[in-house]
Each structure stands twice: as structure tokens, then as C-alpha cells.
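A.B. asks: build me a structure from this.
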Amino acid sequence: MQNIYDNNAFFEEYEKMREKDINANNLIEQPIFYSLLPSLKDKKVLDIGCGTGGFCRTAKNEGASFVMGIDCSKNMLEVAKSYKDDITYLNLPMENLSKLNDKFDVITSSLAFHYVKDFDKLIYDISNLIKPGGELIFSQEHPVATAFIPPKGQKLDNKIDIHGKRYYLLSDYNNLGIRIVTWNVTGVEKYHRNFSDIINTLIRHGFMITNVTESYADSEVIKKEPKYKYQNDRPYFIFISAKKL
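C.D. replies: Below is the predicted model:
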């Protein structure tokens, strides 16, 4: 169970990144994520890995009858609670979802599932918390982005530019498991799963897949940040919507 957001050095760098208008979350991840949402009016909503509560506040503004956000980070929840909205926040890691005793119409998660070691248990717990016909919408790092393991003791970039064209190394795709990466700080733990593992886990726990979207950047986004054109070569994120049968 990892809580990098209560590492003050990491959190400071994260806040600096999110304060900028031009970042992958604002320009790519969030617009796609929000486009996949069903109507939230009169729905009970759970947001897993709610962070500073941005989506929770949106859900409440969209007419959700009840909104709960859970996160393992006290730093994140301190910011979320400062808005003093009628939202329930719990300092609870997603590994402990089974401690909740409620049923939800909609469960969401933005860029959190790649941090959990036991994905099977996570989806099992979500299945027990969601009403029949309820919807799960989540985003995570794309499997082609999490797969690569650099050789030990060597600094090897997984991309190369040749004549203005970018090429990526793709290795270890079917080698599932932990990846140790540097993101603001060293030693950040993420977990790689291939596409079939993600989809089959959802099916096994009673979900019907209703949409799969891979991240992309349109011309307006590329004008604001030209490097996002490389989404055409290797998408950053994957988005999945599923309905509980």
C-alpha cells in the first residue's frame, strides 16, 4: 500500500504541476474522462482516489444526491475538505474498500488504479459496492506506457526521435507486475497489467464493458502543447466504462 502524496517533497512538486493550465490532466485526461460520464443527477456517487475533490464537487454540482470521495492521502483530503461542500470524504486507501457498507449508482476513479497491487480484489470490492445496472468509469495509465522495464544499472530512454518522427520501445508487455519509476521523486511504485488482464478481471466480477477509449490529442490541444502530438504514437491513458450486470 503506497501513499506518495503524503510525501511532502512529492506533494509540493505535484501541486506545482497541477497549478499549470497546460498539463496532460487538464488537456487530455479530464476532457475524455468527463465525456464518458452518465447523468449524475439523483445518483449516489463514489470517487476512488478522489485527490483534492475536483470530481466530487463536479458530481455534486451535477445534481448527485450523495457523493463520497476516498483517498489515502491526508494532504489531498485536507485540500478537498477546505471547500466545505456537502461531500463525504474518507481517509481510506482503495485496498480497504471492503470496509465500506453502502451501495452506489456510479463509481469513478481517475488515474489511480495503476497504483494498486491486487487489481482482482479491487474490482471484486467495487462489484460489491455498486448496484445492479450501476456504472464504473475509470482511467489509468495505458498498458503500453507502463510496460517498459529499463535494464538494471542502465539509464535507457524508451523513446528515440528520427527525422522528426518519434519511436517508442515496447518491452515486457506480458511481464505483469510492479514497476519502480521516478515521478517527482524516486521509488514510485506502479503496477503494469496488460489489456486482457484488465478487461477479463472486469468481466469475471460481473461487469459488461460499454466503452474503451485510448487517449488522444486534437488539433486545439496540440496547438497549446505540441508534444502531445505523440499521443498518436503511444497514448498516455486508457479509459474504461463498464456496467454491473
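A.B. asks: only C-alpha atoms from now on, for both contacts and neighbour counts.
C.D. replies: Noted.
A.B. asks: next, give phi and psi for the spatially most central residue of the chain.
C.D. replies: The central residue of the chain, meaning the one whose C-alpha is nearest the mean C-alpha position (Cα atoms, centre = their mean), is Leu111 at 1.3 Å. In this entry, Leu111 is assigned phi and psi values of phi 50, psi 50 (degrees, to the nearest 10).
A.B. asks: which of the three states applies to Ile160?
C.D. replies: strand (DSSP: H, G, I helix; E, B strand; the rest coil).
A.B. asks: do a quick rundown of the strands in the protein.
C.D. replies: Using DSSP state E, the strands assigned to the chain run over residues 44-48, 66-71, 88-91, 104-110, 130-141, 159-162, 165-168, 177-183, 185-192, 207-214, 237-244.
A.B. asks: can you give the contact residues for the first one?
C.D. replies: This points to strand 44-48. 55-56, 59, 64-71, 94, 103-110, 112 (Cα atoms under 8 Å, 6 or more residues apart in numbering).
A.B. asks: each with direction, which strands does that strand pair with?
C.D. replies: Applying DSSP bridges to the sheet, strand 44-48 is found paired with strand 66-71 (parallel), strand 104-110 (parallel).
A.B. asks: would JSON lines of those with distance to Ala147 and mean pLDDT be doable?
C.D. replies: Converted to JSON lines, the strands paired with strand 44-48 look like this (distance: least, Cα to Cα, whole Å; pLDDT from 0 to 100):
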{"stretch": "strand 66-71", "distance to Ala147": "26", "mean pLDDT": "98"}
{"stretch": "strand 104-110", "distance to Ala147": "19", "mean pLDDT": "98"}
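A.B. asks: what's the closest of the ones you listed to Leu156?
C.D. replies: Across these, the minimum distance to Leu156, taken as Cα to Cα, is reached by strand 104-110, at 28.9 Å.
A.B. asks: where does pLDDT dip in the chain?
C.D. replies: 153, 183-186 (pLDDT under 70).
A.B. asks: from the centre of it, point out the most distant residue.
C.D. replies: Each residue of the chain has a distance to the centre, and by Cα atoms, centre = their mean the biggest one is for His163: 33.5 Å.
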